[in-house]
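Colleague: dropping a prediction and its sequence here:
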Amino acid sequence: MSAPDSNLVCGKCGAEVSAFVTECPYCGARLRQRAPELERRGDEITPKDSPQSEPPKVTRLRRRPRITLPRIEFGRPWASILTVAASVVLLLVAEAGDVGPVELGGIAGPVAGAEWWRYLMAPFVYDDVGYLFVCACGILIFGISVESRAGTPATALVILACGSLGLLLGIWVGDAFGAGDVAVAWGGNAVALGLLSAWAVIRAVEFRRESGGEVDLIGAAVCAAVLVLLSVVIEPASILVGLSGAVIGAIIGVLLGLASARSGAVRR
């Protein structure tokens with residue numbers, strides 16, 4: 001058995017001493033608190049904490065990734081922009097050609113079966129610049145936010161569903177329950193309220209699955225109040241149609257949230 005050749009350097013006098021001693025034989029300085037443990041390596045015996053021994057392995061805990069609502073590759077908010085642009089174009093056509101909103105697709109009275117297309121056109125028809133301005137602000141604010149999370153196709157579906165189905169549901173509720181006849185209805189209050197509801201549900205899903213972030217609840221509440229109160233000032237902005245659009249937007253927001261939760265579980 002050969003003697004080990006690992007040495008230590010005394011920090012006080014600088015002399016090389018054996019790795020097996022606890023005190024320097026030249027100056028008496030304390031080198032370690034206790035003698036090192038020995039281990040056999042082939043034909044040699046070396047201390048475990050000698051420079052030849054391998055450093056202990058350190059296990060690092062990986063940080064758990066934060067799971068968030070999946071974001072779609074987002075470019076321009078085409079669904080929101082085109083919705084407002086189509087309404088502006090129809091309003092300009094109506095003003096330039098002296099055409100009434102009913103002729104462009106607005107609803108006034110019962111809708112015949114052959115005029116089903118009015119449910120698709122009426123949400124984009126306006127006869128008042130102020131009405132268009134308020135709805136356009138709501139559509140752009142909440143539509144862009146929804147579109148950045150769900151993508152352009154899903155946002156276009158929300159817009160069409162809230163506008164058309166909101167009209168259908170609002171008219172049906174007014175006729176069936178006597179809550180008030182919807183004799184005149186056009187404009188995008190149902191679309192704006194539907195996008196607001198969808199945005200609120202999606203943000204609730206995000207807050208449930210991740211910590212942090214802020215939401216301007218006061219601003220959202222003010223926007224919702226303004227859109228609801230439009231029915232008091234402007235007759236075509238039916239309150240039943242607007243609230244129906246909000247309900248449909250919330251339902252679609254829940255579906256988008258469930259879809260995002262499933263995709264997040266698959267990624268985990």
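Modeller: Good, I have the coordinates.
Colleague: mind checking how far the closest residue to V93 other than its chain neighbours is from G242?
Modeller: Leaving aside its chain neighbours, V93 sits nearest to V99 (6.5 Å; criterion: Cβ to Cβ, 6 or more residues apart in numbering). Backbone N, C-alpha and C define where each C-beta goes, glycine included. Applying Cβ to Cβ, to the nearest Å, the value for V99 to G242 is 25 Å.
Colleague: how about the helices in the stretch 51-200 of the chain?
Modeller: Assigned by DSSP state H, counting those that start in this stretch, the helices in the stretch 51-200 of the chain fall at 78-97, 101-104, 118-121, 129-150, 152-160, 166-176, 189-209.
Colleague: okay, domains of this structure per the record?
Modeller: The chain is divided into the following domains under automatic domain parsing: 1-50, 78-267.
Colleague: still on that earlier bit, so which of the helices of the stretch 51-200 of the chain gets nearest L217?
Modeller: Among those, the nearest to L217 by Cβ to Cβ is helix 189-209 (9.3 Å).
Colleague: tell me which of the helices of the stretch 51-200 of the chain lies nearest to K12.
Modeller: The closest of the helices of the stretch 51-200 of the chain to K12 is helix 189-209. By Cβ to Cβ, the value is 60.1 Å.
Colleague: show me what the closest one is packed up against.
Modeller: Here helix 189-209 touches helix 129-150, helix 152-160, helix 166-176, helix 217-233, helix 239-267, going by 3 or more Cβ pairs under 8 Å, 6 or more residues apart in numbering; DSSP states H and E.
Colleague: how about 6 Å then?
Modeller: Counting contacts by 3 or more Cβ pairs under 6 Å, 6 or more residues apart in numbering; DSSP states H and E, helix 189-209 is packed against helix 129-150, helix 217-233, helix 239-267.
Colleague: can you put these in a markdown table and add distance to I171, mean pLDDT and mean neighbour count?
Modeller: As requested, these are exported to a markdown table (distance: least, Cβ to Cβ, whole Å; pLDDT from 0 to 100; neighbours: other Cβ atoms under 10 Å):
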| stretch | distance to I171 | mean pLDDT | mean neighbour count |
| --- | --- | --- | --- |
| helix 129-150 | 19 | 93 | 21 |
| helix 217-233 | 14 | 88 | 14 |
| helix 239-267 | 7 | 80 | 19 |
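Colleague: how about those helices, which one is nearest G163?
Modeller: helix 239-267 (6.8 Å).
Colleague: just checking, what packs against that closest one?
Modeller: Against helix 239-267 (3+ Cβ pairs under 6 Å, 6+ apart) you get helix 166-176, helix 189-209.
Colleague: next, the buried residues of the first one.
Modeller: So that's helix 166-176. 166-167, 169-171, 173-174 (16 or more other Cβ atoms under 10 Å).
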